[in-house]
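1. This is a predicted model, with the sequence first.
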Amino acid sequence: RIVRVKLLNRNANATAISSKSTNTATPNADNHLPPLLQAPDLIVQRRRKKPWERWNRQKQRQGNLQRRRKPWKRSLRVRRHPVKPEEVPSLLLGDASPLHSTTEVTLPLPLPTSAATATESIMPTSIPLQPQTASPLSSSSKVQELKTRYTGWKSRRKEQFQVWKARRKEQFKRGKERYKNWRSRRQEVWMNRRNRAWARTRQILLQEYSKPEWFDSLGRPVTSRDSTGRFVNPWQSQSTNGIHSLGTIVRWRWQRLERELRQLGLLGKLMHIFPWTKIPQSVSPLLGQTVPPLPEPCDSTLQFTWIGHSTGLVHVKKNFTLLVDPMFSVRASPYQNSPIGVARDVPPAYTIGELVDHQTLNQTANGLAQLDDNIGRLDICCITHDHYDHMDDDTTKNLRNHIQLWVVPLGIGDWLVDRCSIERNRIIELEWWQQLRVSKQNGTVIILDEESPNENRDEDDKTLTITCCPASHWASRTMWDRNFRLWCSFAFSTPSFNFFYCGDTGYPVSFPLFHQIGDALGPFDLCAIPIAAYEPEEMMKDAHVNPHEAVKIHKDLRSLHSIAIHWGSFQLSEEPLDMPPRDLQHAILEEETVNGNHINFSILGHGETLAVESQAGIISDNEKGAEIMGLW
């Protein structure tokens, strides 16, 4: 046991010490010790621990518990001797330098040498003093040995920990590398599977009412009707039917009236709604020049001439001449001599007579002038839906003797027969995804029978395939025939060219409609995409697209070149006539700047023609079958 000894009156002489020791007895001294060792100036006492020392002990106990929880961090606890070995001689000689305060010793303190003569008469020589044992020195050697052992053990443990840490780090690195390799392989496998037709599937949650029979096995929308017999858009059967509340319509018409009064004034507004029957003769303000003449067909190009609004003239080499959505009247209205409907602001680039004369010249140049039946007649006329700005009564009646074949969606054939007196055998009605294959013999369009797709195909583009594709729109000419006629878009394909005509459509946000068309029939050499009639958005978003959505359609269809249509002729919505091309330029610039995609989207003036070479081409039917399987 360690005893704390406090040395008092170290500089007192031996006489005083001996006199005090003979007359005074230490009350706490042991009886078996000599009287000299019972001197009152040597007081043996046990020092009380200070509070901070008790706190340190508690912390030490907590440290011991922590070291028990972490065996690799245990440290060997060595209790050092309270007195260093080099301090023992000075202590025995009475030097006061090492004992300015209480000192811990394990030996009885010997007397100073100056008191040796006084103790000889008192302490007999036969009684030996407590031996001057070398316990401090021996304890110090043990401490050094334990310290050396502890240091060696600690260094070995540290080295073992470093080796274990390096091994675990290497294992983690190898595991991470294996995981990256596995993930890259799985991603490659997944990409390969996704690129295959049978694995390219995607689940889509429709927010509106639909039926399973409205979609085929590949997830494509088919021609569908609701319980009332009206056609519907299967992906949005309720919000895209063209029906709006009375408050929405009144608010829209009031905004239009305010805008027109602000632009034209009261007198200009009255003159604008006054019935007139002549087409305005002013040229397009977007051209700044006269309308160019109609181009001659070329043997190696696909030509698209924009006549105005959605009307276009297509030449597939020198083989086929197509007219899409003809509209040459004054008003988009059921009655041309009334203020009902929307008046034309910009005249069409060409008249029906100019088109007929141009076709007659082409047939004469090709040696077909002797065929009196088809002289001056265009090959095919396609109509996408029955709205007045796409299917006009007067225009259709004026064209009925100048068109060989009419290709329309389901329901419009009856209207052409009843209202325009067109023969039924010259009208072909198609449903969504239904195809029509035609060819020409001696200038006459012939409908091919259902046979293998590879037959009757040659390198001279004598065969034309017309596909009726779905569109997000609606149909109506009166208040009582809403959606009783189908709407669509058209895809035209030959062995050399692919052309897509969009007509009127919205851009479904929650359904990949144009992805499906692009995967099934694309890529396309040329696409005609609408860009106008998008304001106010709450009324127009389900039936028309804005320029930003037109750029998305261009990308979804995988089009190599696109043309903007459905703008610049009628003031159908609230945006100005020259606003859609400016917005389209901003959308193209944004797409090229942000995403880095090159967008080849052209804006033509009225009467301008774009000719493209064959770049996308037509894939073989086996490849097309595999590609059609790769739908969303």
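-> In hand now; what should we look at? Numbering: from 1, shown residues only.

2. okay, CA-based contacts and neighbour counts for the rest of this
-> Noted.

3. Surely residue 527 touches residue 499?
-> Yes. In this structure, residue 527 is within contact of residue 499 by CA atoms under 8 Å, at 5.8 Å.

4. ok, which stretches of the stretch 151-300 of the chain are helices?
-> 246-273 (DSSP state H, counting those that start in this stretch).

5. Equivalent analysis for the chain, please.
-> Under the criterion DSSP state H, helices of the chain are mapped to 14-23, 51-69, 88-92, 116-120, 135-195, 246-273, 352-365, 393-399, 412-420, 513-521, 537-540, 547-556, 579-594, 621-629.

6. Could you list the low-confidence segments of the stretch 51-200 of the chain?
-> The model of the stretch 51-200 of the chain has pLDDT under 70 over residues 51-139, 194-200.

7. One more: the chain?
-> The model of the chain has pLDDT under 70 over residues 1-139, 194-202, 267-289, 368-373, 450-460, 615-632.

8. If we use 50, what do you get?
-> Applying pLDDT under 50 to the chain picks out residues 1-30, 33, 35-45, 72-83, 87-138, 198-199, 277, 281-288, 452-458, 617-632.

9. Restrict stretch 477-493 to CA atoms and write it as PDB.
-> Output in PDB follows, covering the C-alpha atoms of stretch 477-493 (Å, rounded to 0.1, in the frame of the first residue of the first chain):
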ATOM      1  CA  ARG A 477     -69.300  20.500 -88.900                       C
ATOM      2  CA  THR A 478     -72.500  21.300 -87.000                       C
ATOM      3  CA  MET A 479     -73.700  21.100 -83.500                       C
ATOM      4  CA  TRP A 480     -75.300  17.700 -84.100                       C
ATOM      5  CA  ASP A 481     -72.600  15.600 -85.800                       C
ATOM      6  CA  ARG A 482     -69.700  16.000 -83.400                       C
ATOM      7  CA  ASN A 483     -67.200  13.100 -83.700                       C
ATOM      8  CA  PHE A 484     -69.300  11.100 -86.100                       C
ATOM      9  CA  ARG A 485     -66.500  11.200 -88.700                       C
ATOM     10  CA  LEU A 486     -63.000  10.000 -88.100                       C
ATOM     11  CA  TRP A 487     -59.800  12.200 -88.100                       C
ATOM     12  CA  CYS A 488     -56.300  11.100 -89.000                       C
ATOM     13  CA  SER A 489     -52.900  11.900 -90.400                       C
ATOM     14  CA  PHE A 490     -51.300  10.300 -93.400                       C
ATOM     15  CA  ALA A 491     -48.000   8.600 -94.100                       C
ATOM     16  CA  PHE A 492     -46.900   8.200 -97.800                       C
ATOM     17  CA  SER A 493     -44.100   5.700 -98.600                       C
END
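
10. Check which residues of that stretch are buried.
-> Counting neighbours by 16 or more other CA atoms under 10 Å, one finds that the buried residues in stretch 477-493 are 477, 482-493.

11. Next: stretch 142-155.
-> 143, 150, 154.

12. Pairing partners for residue 314 in the sheet, please.
-> Note on residue 314: beta-bridge partners residue 304, residue 322, judged by DSSP bridges.

13. wait, it sits on residue 323?
-> Yes. Under the criterion of CA under 8 Å, residue 314 makes contact with residue 323 at 6.4 Å.

14. picking that back up, quick check: of the buried residues of stretch 477-493, which lies closest to residue 419?
-> Distance ranking of the buried residues of stretch 477-493 against residue 419, using CA to CA, places residue 477 first at 12.9 Å.

15. who's in contact with the residue lying closest to that closest one once chain neighbours are set aside?
-> Nearest non-adjacent residue to residue 477, counting by CA to CA, 6 or more residues apart in numbering: residue 387, 6.1 Å away. Residues in contact with residue 387 (CA atoms under 8 Å, 6 or more residues apart in numbering) are 475-477.

16. Pop out the phi and psi values for residue 387.
-> When read as degrees, to the nearest 10, the backbone of residue 387 gives phi -70, psi 150.

17. so how far is residue 575 from it?
-> Separation of residue 387 from residue 575 (CA to CA, to the nearest Å): 20 Å.

18. just to revisit the earlier point, could I get the contacts of residue 387 as CSV with distance to residue 188?
-> CSV is the format used below for the contacts of residue 387 (distance: CA to CA, whole Å):
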residue, distance to residue 188
475, 46
476, 49
477, 53
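
19. wait, which of those residues is closest to residue 550?
-> Closest to residue 550, out of all of these and judged by CA to CA, is residue 475, at 21.1 Å.

20. ok, how many other residues are close to the closest one?
-> 21 (other CA atoms under 10 Å).

21. tell me the phi and psi of it?
-> The phi and psi values for residue 475, taken as degrees, to the nearest 10, are phi -130, psi 140.

22. Ok, residue 600 next?
-> phi -100, psi 80.
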